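**Q** here is my input; please provide its structure:
(one chain, ligands or ions: 1)
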Amino acid sequence: MEEKYIVTTEGLTKMYGRKAAAKDINIKIREGEIYGLIGRNGAGKTTIMRMLSGLSRPTKGTFSLFGMDIHELRRKNKPVGVLIEAPGIYPKMNAYDNMKIKVIAMGIKGDQDKYIKGLLELVGLADTGKKKAGSFSLGMRQRLGIALALVGDPKLIILDEPINGLDPQGIVEVRKLLATMRDEMKITVMISSHILEELGKLADSYGIIHNGKLIDEFTTEDLHERSGNYTFVNTDDNKKALEVIRKMGLEKCELDNDNMLRIKDTLSLEKNVCKALVENNIFVKEIRSQTFSLEDYYLKITSEGIPEDNTAWQYSQEVAQV
Ligand code: ATP
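**A** Prediction:
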């Protein structure tokens, strides 16, 4: 079945003077998924989200939402829920009145009272009564921001760092809310964060932004596939060794670019591999195991930048092909 993309960008670029805040970005977001845009502060996440939300114009490149290009989107006014930077919350009003203003502005028809209460219930703010938004906790403010973004029943919602600064309880609440939006309300969610782990187990796909460039895009399945334990073996006859190891039932054994044997998920089998090779008259020159967590690596590059010594990065690319 052909995949349906709700968001696609082609060469999307935003220049501020000579500086490219986002450069040649090609993103694809599938219908009904949670897509995590990950990158450290200043990487370019907000810039991309602002363009997709119609808040700023691309310098170059183009994008489409729901299969519609920029011009069509302007004409048809398809609702996209957006929470970027400071959400338009009036601090002297309670949650209900904040919602009421947006509901009126968006021209929501029917029982507006029921509509507002339904959304406040969904985000866990049904019981906040007269409490003014100005005295809300950060988590409550973020959830009100999400409720505001949901006015108009968008099928795509773009949330810029909604988890940033929340305490663990607040993170759990927003995570649950995002899962409900995806699973029950069938909303496609694009969410940014500077911490991959925050979206772990929740997002279905990830895009890694670094210095304005999309340096990697992968699914949760890819992530699991890429991380794990690896055993590297070098012998006097690696081709023969490959056959022996595969005969042991270790199918995930490959010859890497350096002509070394690389076996995935075999930490406890190291001795057996050695024994089988020796029994087949193969001389084992070297055998070593290494745990490779791609997640750790992404945390490192999103907080510190790509290291000068880029071997880990190259390695992750190779592993991705196994
Ligand atoms: P953060 O989480 O800190 O907002 P980010 O990944 O969202 O990070 P952006 O806000 O998109 O990053 O910024 C990307 C780069 O573009 C930064 O270097 C920023 O200083 C620059 N930038 C963003 N907006 C403007 C602007 N209006 N004028 C000039 N430079 C800008």
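**Q** need the contact list for Asn138.
**A** For the record, residue 138 is Leu, not Asn. Gly165, Leu166, Gly170 (Cβ atoms under 8 Å, 6 or more residues apart in numbering). Bear in mind the C-beta positions are built from the backbone N, C-alpha and C, glycine included.
**Q** are any of those buried, and which?
**A** Leu166, Gly170 (16 or more other Cβ atoms under 10 Å).
**Q** can you list the buried residues in stretch 117-126?
**A** Leu119, Leu120, Leu122, Val123, Gly124, Leu125.
**Q** end to end, how far does it reach?
**A** 7 Å (Cα to Cα, to the nearest Å).
**Q** circling back to that earlier point, tell me the one among the buried residues of stretch 117-126 nearest to Thr13.
**A** Val123 (34.7 Å; Cβ to Cβ).
**Q** look up how far Gly170 lies from the closest one.
**A** The gap separating Val123 from Gly170 is 12 Å, by Cβ to Cβ, to the nearest Å.
**Q** so the one residue sitting closest to the centre of the chain bridges to which residues?
**A** Nearest to the mean C-alpha position of the chain, by Cα atoms, centre = their mean, lies Gly36 at 1.8 Å. Following DSSP bridges, Gly36 is listed with bridge partners Ile191, Tyr206.
**Q** Ala21 versus Gly212, what's the distance?
**A** Gly212 is 6 Å from Ala21, by Cβ to Cβ.
**Q** how close does Thr62 sit to Ile209?
**A** For Thr62 relative to Ile209 (Cβ to Cβ), the value is 18 Å.
**Q** got any residues that touch both of Gly212 and Ala21?
**A** Joint contacts of Gly212 and Ala21 (Cβ under 8 Å, 6+ apart) are Gly44, Thr47.
**Q** on contacts alone, who are the packing partners of the helix ranked longest in the chain?
**A** Counting residues, the longest helix in the chain under DSSP state H turns out to be helix 168-183. When contacts are defined as 3 or more Cβ pairs under 8 Å, 6 or more residues apart in numbering; DSSP states H and E, helix 168-183 packs onto strand 34-38, helix 138-150, strand 188-193.
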